[in-house]
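Asks: Here is a sequence together with a model predicted from it:
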Amino acid sequence: MASERQIVANRRNARKSTGPRSGAGKKRASHNAHRHGLTSSIASTAAFAKQLDKLVREIAGDTEDAIMLERARAVAQAELDLARVRRAKLALIERASAFGELDPPQPTVTQMIRLLHAFDRGRLILPKPVASSATMPSQEPDRSAEAVRRVLPELRRLDRYERRAAARRDRAVLSLVQSSVVYVAKRSQFF
């Protein structure tokens, strides 16, 4: 059981960690989950609906059973989400291969302060910028490996979405298989 002193300290700490307070901070924080768009649903677009219906029909076949169609739709939606994550990963690697990096490096506050102090003292010597694509290997196997190495932190972040989509697909496939076994068993009773 926490003492009265610990409870007071916990409440004081909780008041300090309430998230952003300014309007700009709240707006910036509200976009955290939408950095790459993989958390947003694209189910409402017409192109996605066509793709989804086509894949549902390929999975379910010519059945008109509502439960089978619903489970086939879950499988198809998870499969399309999985494909979308994989396309995002591939696009990152291709961008890094073409341009050498995803975004230009942003200087830290400490680096900016040092730069300003050097400018004030008249000793500012700016290094010549080196294009990051110039440091990429020119031969293909090495170039791809270097591109993957450069985007590895972002690929790790996207891996979470890929694992979730794959797990959702696997559960949906298992559910579809189980319902198809029940469906076949019911139909065999009538024949």
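Replies: Here it is on my side, so go on. Predicted model, so just to flag it, every value in this text is computed and none were measured. Numbering: from 1, shown residues only.
Asks: Without its sequence neighbours, what residue ends up closest to residue 25?
Replies: Leaving aside its sequence neighbours, residue 25 sits nearest to residue 19 (C-beta to C-beta, 6 or more residues apart in numbering; 7.9 Å). Backbone N, C-alpha and C define where each C-beta goes, glycine included.
Asks: Over to residue 82?
Replies: Computed as C-beta to C-beta, 6+ apart, the closest residue to residue 82 that is not its neighbour in sequence is residue 165, at 4.0 Å.
Asks: do residue 72 as well
Replies: residue 60 is the one closest to residue 72 (C-beta to C-beta, 6+ apart), at 3.7 Å.
Asks: Was I right to think the residue nearest to residue 25 contacts residue 30?
Replies: No: contact criterion C-beta atoms under 8 Å: residue 19 and residue 30 do not qualify, at 10.5 Å.
Asks: Could you give me the buried positions within the host helix or strand of residue 87?
Replies: Using DSSP states H and E, residue 87 sits within helix 66-99. The neighbour-count check on helix 66-99 (16 or more other C-beta atoms under 10 Å) flags 68, 71-82, 84-85, 88-89, 92-93, 95-97 as buried.
Asks: ditto for stretch 153-169
Replies: Using 16+ other C-beta under 10 Å as the test for burial, stretch 153-169 gives 154, 155, 158, 161, 162, 164, 165, 166, 168, 169.
Asks: average pLDDT across it?
Replies: Mean pLDDT, computed over stretch 153-169, is 88.
Asks: Go ahead and produce PDB holding the CA coordinates of it.
Replies: These are the backbone C-alpha positions of stretch 153-169, laid out as PDB (Å, rounded to 0.1, in the frame of the first residue of the first chain):
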ATOM      1  CA  PRO A 153      15.100   2.100 -38.100                       C
ATOM      2  CA  GLU A 154      12.000   3.100 -40.200                       C
ATOM      3  CA  LEU A 155      11.600  -0.500 -41.400                       C
ATOM      4  CA  ARG A 156      11.600  -1.700 -37.900                       C
ATOM      5  CA  ARG A 157       8.800   0.700 -37.100                       C
ATOM      6  CA  LEU A 158       6.800  -0.600 -40.100                       C
ATOM      7  CA  ASP A 159       7.400  -4.200 -39.000                       C
ATOM      8  CA  ARG A 160       4.900  -3.700 -36.200                       C
ATOM      9  CA  TYR A 161       2.200  -3.000 -38.700                       C
ATOM     10  CA  GLU A 162       3.200  -5.900 -40.900                       C
ATOM     11  CA  ARG A 163       3.100  -8.300 -38.000                       C
ATOM     12  CA  ARG A 164      -0.300  -7.100 -37.000                       C
ATOM     13  CA  ALA A 165      -1.700  -7.400 -40.500                       C
ATOM     14  CA  ALA A 166      -0.200 -10.900 -40.800                       C
ATOM     15  CA  ALA A 167      -1.600 -12.000 -37.500                       C
ATOM     16  CA  ARG A 168      -5.000 -10.600 -38.400                       C
ATOM     17  CA  ARG A 169      -4.900 -12.500 -41.700                       C
END
